[in-house]
Structure formats: C-alpha cells, structure tokens
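In: okay, sequence plus prediction incoming.
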2 protein chains.
Amino acid sequence: MAHDHEGPLARLRRGHEELVLRQLRTHGPLSRGELGRLTGLSRTTLYDIVAALIDGGAVVAAVPAAAERRRGRPVETLSLHPGAGQAIGIDFARRAVHVAAVNVAHEVIGSASAPHGAGLTWGKRVDLAARLVGGLAGGTLRLGSLSGIGVGVVGPVHDAPTTDASTPDTPAPGTSGAERADSLEGASRPHEDLPVLLRKRFGVPVLLDNNTRLAALAEATWGAAAGVQDVLYLRLSHGVGGGLVVGGALHRGAHGLSGEFGHITAEPGGRRCSCGKDGCLETVASIGAVLDAHPAAGDLAGFLAALPVDPAARRVLDDVGTRVGTVLAAVCNAVGPHVTVLGGELAEAGPALFEPVERALSAHLMPVSRPGIDLRPATLGEVGGALGAIALVLHDSPLLTRYQTPNSVE
Amino acid sequence: MAHDHEGPLARLRRGHEELVLRQLRTHGPLSRGELGRLTGLSRTTLYDIVAALIDGGAVVAAVPAAAERRRGRPVETLSLHPGAGQAIGIDFARRAVHVAAVNVAHEVIGSASAPHGAGLTWGKRVDLAARLVGGLAGGTLRLGSLSGIGVGVVGPVHDAPTTDASTPDTPAPGTSGAERADSLEGASRPHEDLPVLLRKRFGVPVLLDNNTRLAALAEATWGAAAGVQDVLYLRLSHGVGGGLVVGGALHRGAHGLSGEFGHITAEPGGRRCSCGKDGCLETVASIGAVLDAHPAAGDLAGFLAALPVDPAARRVLDDVGTRVGTVLAAVCNAVGPHVTVLGGELAEAGPALFEPVERALSAHLMPVSRPGIDLRPATLGEVGGALGAIALVLHDSPLLTRYQTPNSVE
C-alpha cells in the first residue's frame, strides 16, 4: 500500500485529516469551532489541518451570506470540495476500452465501452478512453475536480495499486510524462508508464490493478455480492481468472499473483496452458476450450443458442461445470468466502453451467460447509473492470483529493 | 470483530484512546501537557480520555519525587500500567493442555505442556491449565494485571474471536459463570461456555479461536514466518489443517471455516474422511494415513527412524509430499502467500517430505510464481497454538486493559 512507509508523525497527521473529513462528510458544512468540538482536536492542530486540506483542494471555506451582514469577523463555514468523491474508472481490456464514473454520492452515473483492434497503441487507447469519459453523463462530470482515476489492465500487476499520488514531491528522476509516453508503446511492461500518460491527460492521481481482480471488487461493491465482506469471483471468458475480496478489500497476495484460479490444475497431465504448465482450469473452462470441445457451434453465440436443443453441447458444459466446481471447492475450503460469484461470457449459459458447478462444489466441500454455499451469477457484465477501478479509488484513497490541484498538469 | 457495531462517537473516542496509549508506549512517561502537544488533542478532550484510561486501569498517574519538593501544584506523570500487555495463551488440544505467556514487552517468557486422557472434563482441563500457568516464569507473571487470555480449541469456531470483553455491561441473560460451568461437560459445543469458565478462574477477558489457525498466527508472529504479512500454514498431524494470515491478521472466512486445507480433495474417489466426504488430503497425509500405508513402522517415531534405511517408507512419504504439494499449489495460485509454513509431527521428517512437496508445488504453480516459492518448516512446535492465542489477544485487543479491574472476578 502507498502509505506503508510513512513515519509516525505523518500517520498522526493523516489520522487527524481523516477525522476532520469524516465530520464534514457526516454533518455537512461546519465552522471551525464546531469542528473543534466534534473532533476533540486543539485549536492549533485543527487550524493547521484545515489549512492544509483547503490548500490541497479537499475542503473549501465560505462565508454564508447571512453572516456577512453581522458585525465583527464573519464565521467561515467549511465543507467538502463539491468535486471530492467524483471518480472515473477505465478498463483497458485486450480489445476494448470500458469506462465508468461515479458522482460525489458515489453513485454510478454512467458507463461506456468501445471495441478496438488488438494492435492499437497505448496513446490511441488513452485518447479513446478520454473520448468515452467526455461523453459520460452528458458532460455533468467535472473533470477538473476528479478525486482520481482507477485503471484496470490485463495481466499481473506487481505491488498494486500503482499510484503517483503517494509521492507528489518525488517524481522519478530524469523522466517527464512526455518522455515516458513516447517510450510507452515499446515497453515490455506498459503498466509502469500508463499512470504517467493518464495523469498527463487528466491531471489527477491514478491507481492501477489487474482488471479481473477489479471486477471482483466491483461485484462486491455494486454487483452480485454488494456489501459482502468475503467474496470469491471467477470469470470464465477467453481467459479464466478471478479475484478474492477479503474483509471488504481486494486481496492482492505476494507479487500481485492472487486470484489465479484459472491456473489451478484441473486436469492433471492435461493440455498445455498459455501460462506454461499443464492442465490448468483455463485449458478446460475458457471460451476457446469449450469451442474446441464442440467445434460445430462455430462461436460462443452459436454454442449458447444450441444448448436448449443440443445434448452434446450440454454434455460439454456439464464437464466444464464439474471442473469449475471442483476447483472452486478447493478454494472455498481454503478461504471460506461468504459468496461465490461466477461471471464472464460463459456464465451466460445459466443453469446448464451453474447446476454442474453446484453439484461439484457440494461434492468437494466439507459437509459442514455445504449449507453455506451461496453461488451467484455476476451482474455487472463487461464494465465490471471499470467499476472496480472506481471502487479501488474509493477504497484505497479517501484522501486522494489532498494531492490534487484542480485542472493542473504536473 | 468485537467493535464492528459501535457508533461513530464510540469509535472517535476509541481512536483518541489509542492515540494517547501509542504516545505513552513510544515515549514512555509523559505529563498531560506533553501528551497534548504530541496528540494534538484539546485540553478538555485529553483530560477526559486520560481520566477514563486511569479508571480502566490502562494508565497510572504518579508524581515524580523531585517534583514534590517544588512549589505549586506538582506535575503528574502518566505512564502505561506496568501490567498492561501481559497475556497468556492456553491451547486445549485433544489430549494435552499447552500454555505460554508474554511479558509487558510482548516477549515470550515461558511455555509449558501437560498431556491428559481423552475423557478429562473441561473443569479439570481448566484446573490443569491454571496449574501450568502458575508455574510459568517462576511466578513473575502478575495474574492480577493480565491484559487477557487467548484460548485455542479443536474444531471450527464460529464468528471468532469470542470475547466477553466487548460487552462488559451486558452479560448473557440468566446465566452465571457457575451455572454455565456445571452444564459445560455435557454441552455439544463447549466452546461457547469455556470463556465464562476461564473468566471466572482468571478474572480477565477471554478470546477464543481454532488452535490450528492460531498456530498459523503464531508462526507469522514469532515463528518461521515472523513479520511476514501473507502466510499459508499447513499442519500435518493426527488431523490435517491449517490457517491463512492475510495482511498480518488471521483470516477467518465465512462461518469460521477458513484454512480447511485438510479437506480439499486430494484423491478423487478416495477414502472416506472423518468429515464425511471422500478423498480429503487428511485421508492421505495424516499420521494415521502414513502408518496405514506403512504398518511395519508401528508408530510415527518408528516411521521417522526407518526413513534413512527403508526405501518403502521414503516412497510412502514421497507420495504424501506429492499430494500435499499439489493441494498447496492450488491454494497458492488462489491466495498468493509470501511464505508457506509446514508444521505438525510429520514435518519432522525433513527433506524426505519437503523435497516431494516442493517438486509438486513447482509443477502445479504458475511458472511466473515459481521463483517466489518460499516453503519453510514450522519452528514453534506443540506450543504454537498457545502462542497464537496470545498473538490473538495482542492483535485483536490492544485496549483490553480498558475493561479490566485488577484482581477482580465478575
């Protein structure tokens, strides 16, 4: 996490800032005197903290019109910056860009998607994202006052979340946003420079994580498992992946490699997987594996359409569901989630998939755990990654506004 | 957790108390004026918080001898109660009681164990625990000023940790410690009454959890993975179980059923397990399963002694290690621990077990994760559960002293 290495004084200060912001969030506009009584902070400390929050753009001070007419020094009222809390999420999927946005009340106000060719440069993908964001919510989004941008990308993300917000005074030596942007296309790990490119475009801090993990966080925030503390999310798509939400927060694991359910061995000695080992769940439960097992279907739409009338297609999905349920049971025995969410295009097969999954889950879970099985279809569809990216911003950075200078580009 | 449902005011107050206690822990004895400057709290708030901490026994006020001779009102110095932070852990294993204790600096000052027959009543097991605790550390332990007692028990613990400390003013209706103690032996879920029995004996709050999970926490606190944030612990003993430490804290999962690695299917269609399903890891990797596979050894000591000279014994362990490594790889792909710790009596076989485990782990982990494999033997032995129970007290209840009245019995 971004704040792991700060000293005790910085932590103390941050605690006080959080306290002040929480009171303003709970009670609405307050005077300094009221804030002092509510927080228990001394006058010196409070004035200092409030000044820093105003400087950082998180809090605004105003003199109510009525007060201006009274004698003596008018009492300033402090309130949260009206833009604080607005956030957007961008999911750079393999061949599409998805965006979503929330308002200051953290309600989703819109989402949009656009497909693109596999070879599109990062610069053009960022352009595409900016156009999609610009069209969201009929222009009511105030880009200049965003709290932050969350970003989902394909593949493992090390030491997530990436944020340039935690080190506002220490830019990487010898790099400018422009230089980095130029070298981005050729980089072997583009994730490392993408935040710089995005910050240059939007002028706000950027948090980055794996997009499938982010879809897990989205389902646990706004989707099928909204408000559930411990969630296992599995996505069956062109790849097979997932994510764990533990205690309400995204679990990342060592080296950013948590939630790799697609690479648990499902068929010992089975087919070689793209990851380099054999018999991974992905080799039997991806869209490609299903179409390989039933080539007559042509594509996924054809396969799903054939299910009601084609027993062979149902048998294929029965086998897939059994493998998926067996792997899920192993993970459930290990981590004990409250809810398991199944998403991705294959999950649209409905009961033809869910029934064999539940049978296998039941067969391989400890009997004492079976009554607690709660398997649900994902509800957020293809914008789950973008929504999860917003959730990342809201979860991990309640204070991002501190570092934000509206409309500025570093 | 115990404090999930408190209101915002109580949370604010608790935050201030933690702030004051942290300053005293970091800086040693301080005056109220110094505390005010260090915490940023107003005089009113600080005096109120300090008074409550003194009332609760967490903080003591003293007038330094030098100050007494000066004119005017002497300046009181505040410091942590010398007993605050002392804690004991008791592990009620199947046929033994293990105890351990830490001093105010949270250093382990001693541990002790005593075996007993399987039929011993809970009352007698608590007596045995009290005798072992009394003999610890040559009587330097001040029972009257304990912060709390952590307790490990066999089997799943629902909604752990159990604590009667979070509700000091609301005892369960119609029960007294004595009534509960009398009915304890016949209870189907003795865990529910054990805290009452122990609180009656020791007069301090009690936290309770599964003893194998607690051993995981102990290894992540004082043992093989001390200080590591994400730890997977597997114990191969008469049963096979484990625990996950996530972000430095014990992961409990839904219904208290996290860490059940022993009941992940390791041999589809294999032997019936005590849990009721077939082919669990426990059916192939417990001490009993090993002796069934190699009856000539007689007992575990005989088996371990035979390893260097008996190829058949090594083959048995090779197969066990392969199954264990395969299951561990599935869990590692899912949760990505920094360190995996292998404990229990079977782990004493050393390389004859660890080598096949590492081979299988490597074969079934994503290739990108293989360089990060960090498999270590457990170091805390049979007192791991008791030590983990202490860690539970220190992790979950830094403020337990608040509720404690020294030497009192409710």
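Out: Happy to help now that I have it.

In: where in the stretch 301-410 of chain A is pLDDT low?
Out: Within the stretch 301-410 of chain A, the segments meeting pLDDT under 70 span A:396-410.

In: and the pLDDT for the closest residue to chain B within the stretch 51-200 of chain A?
Out: Nearest residue of the stretch 51-200 of chain A to chain B (Cβ to the nearest Cβ) works out as residue A:156 at 6.9 Å. Backbone N, C-alpha and C define where each C-beta goes, glycine included. In this model, residue A:156 is scored at 75, pLDDT.

In: burial count for the residue nearest to it when sequence neighbours are not counted?
Out: Among residues not flanking residue A:156 along the chain, residue A:256 sits closest, at 5.0 Å (Cβ to Cβ, 6 or more residues apart in numbering or on different chains). For residue A:256, the neighbour count with other Cβ atoms under 10 Å in any protein chain shown is 18.

In: is it correct that residue A:256 is in contact with residue A:153?
Out: No: Residue A:256 lies out of contact with residue A:153 (Cβ atoms under 8 Å); the separation is 11.2 Å.

In: need the overlap of contacts for these two.
Out: Shared contacts of residue A:256 and residue A:153, defined by Cβ atoms under 8 Å, 6 or more residues apart in numbering or on different chains, comprise residue A:210.

In: next up, the contacts around residue A:154.
Out: A:92, A:93, A:94, A:210, A:211.

In: that should have said residue A:364, apologies.
Out: A:325, A:326, A:329, A:330, A:333, B:264, B:265, B:277.

In: how about the nearest residue to the residue of the stretch 301-410 of chain A found nearest chain B, chain neighbours excluded?
Out: Relative to chain B, the nearest point of the stretch 301-410 of chain A is residue A:336 (2.4 Å; Cβ to the nearest Cβ). On the basis of Cβ to Cβ, 6+ apart, the spatially nearest residue to residue A:336 that is not a chain neighbour turns out to be residue B:253, at 2.4 Å.

In: and the one you found, what's its pLDDT?
Out: 86.

In: again with residue A:136
Out: With respect to pLDDT, residue A:136 scores 81.

In: how much space between it and residue A:112?
Out: Noted for residue A:136: a distance of 6 Å to residue A:112, by Cβ to Cβ, to the nearest Å.

In: kindly report the same for residue A:296.
Out: According to Cβ to Cβ, residue A:296 stands 35 Å off from residue A:112.

In: and if you look at residue A:200?
Out: Distance, residue A:200 to residue A:112, using Cβ to Cβ: 22 Å.

In: cool, residue A:256 as well?
Out: Here residue A:256 is placed at a distance of 28 Å from residue A:112 (Cβ to Cβ).

In: thought residue A:155 was touching residue A:210?
Out: Yes: under the criterion of Cβ under 8 Å, residue A:155 makes contact with residue A:210 at 6.8 Å.

In: tell me the domain ranges of chain A?
Out: As assigned by automatic domain parsing, chain A contains the domains A:8-80, A:87-212+A:386-403, A:228-379.

In: need the ones you listed in JSON lines (columns: distance to residue B:306).
Out: Listed next are these as JSON lines, based on distance: least, Cβ to Cβ, whole Å:
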{"stretch": "domain A:8-80", "distance to residue B:306": "55"}
{"stretch": "domain A:87-212+A:386-403", "distance to residue B:306": "44"}
{"stretch": "domain A:228-379", "distance to residue B:306": "30"}
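
In: quick one: list the elements packing against the longest helix seen in chain A.
Out: Longest helix in chain A by number of residues (criterion: DSSP state H): helix A:311-335. Secondary-structure packing of helix A:311-335 (3 or more Cβ pairs under 8 Å, 6 or more residues apart in numbering or on different chains; DSSP states H and E): strand A:231-236, helix A:282-285, helix A:287-293, strand A:339-343, helix A:351-364, helix B:311-335.

In: what residues sit buried inside it?
Out: In terms of neighbour count (16 or more other Cβ atoms under 10 Å in any protein chain shown), helix A:311-335 has its buried residues at A:313-314, A:316-318, A:320-335.

In: what's the neighbour count on residue A:200?
Out: Neighbourhood size, residue A:200 [other Cβ under 10 Å]: 17.

In: I meant residue A:380, not that one.
Out: Neighbour count for residue A:380, taken as other Cβ under 10 Å: 22.

In: from what I see, it and residue A:215 are in contact.
Out: Yes: taking Cβ under 8 Å as the definition, residue A:380 is a contact partner of residue A:215 at 7.0 Å.

In: helix B:8-27 and the helix or strand residue A:15 falls within, what's the angle between them?
Out: Here residue A:15 sits within helix A:8-27, counting by DSSP states H and E. Angle of helix A:8-27 versus helix B:8-27, following axes from the mean of the first three to the mean of the last three Cα atoms, to 10 degrees, is 170 degrees.

In: right, is helix A:8-27 up against chain B?
Out: Yes: legend: contact between helix A:8-27 and chain B by Cβ under 8 Å from any Cβ of the partner chain is shown at A:8, A:12, A:15, A:16, A:19, A:22, A:26.

In: report the beta-bridge partner residues of residue A:89.
Out: Residue A:89 forms beta bridges with residue A:100, residue A:150, as assigned by DSSP bridges.

In: in PDB, list the C-alpha atoms belonging to stretch A:23-32.
Out: Taking Å, rounded to 0.1, in the frame of the first residue of the first chain, the C-alpha atoms of stretch A:23-32 are listed here in PDB:
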ATOM      1  CA  GLN A  23     -17.000  15.000  10.300                       C
ATOM      2  CA  LEU A  24     -17.600  17.200   7.200                       C
ATOM      3  CA  ARG A  25     -18.900  14.100   5.400                       C
ATOM      4  CA  THR A  26     -21.300  13.200   8.200                       C
ATOM      5  CA  HIS A  27     -22.500  16.600   9.400                       C
ATOM      6  CA  GLY A  28     -22.200  18.700   6.200                       C
ATOM      7  CA  PRO A  29     -20.800  22.300   6.400                       C
ATOM      8  CA  LEU A  30     -19.300  23.200   9.800                       C
ATOM      9  CA  SER A  31     -17.500  26.100  11.400                       C
ATOM     10  CA  ARG A  32     -14.000  25.700  12.800                       C
END
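
In: buried residues, it. List them.
Out: Buried residues in stretch A:23-32 (16+ other Cβ under 10 Å): A:23, A:24, A:30.

In: stretch A:298-305 now?
Out: Across stretch A:298-305, burial judged by 16+ other Cβ under 10 Å covers A:300, A:303, A:304.

In: what parts of the stretch 51-200 of chain A come near chain B?
Out: So the stretch 51-200 of chain A meets chain B at residue A:156 (Cβ under 8 Å from any Cβ).

In: which residue ranges form the helices in the stretch 51-200 of chain A?
Out: Along the stretch 51-200 of chain A, counting by DSSP state H, counting those that start in this stretch, helices occupy A:65-68, A:122-134, A:177-184, A:194-202.

In: now do the contacts for residue A:108.
Out: So residue A:108 contacts A:100, A:101, A:102, A:222, A:387, A:390 (Cβ under 8 Å, 6+ apart).

In: equivalent analysis for residue A:43, please.
Out: Residue A:43 neighbours (Cβ under 8 Å, 6+ apart): A:36, B:42.
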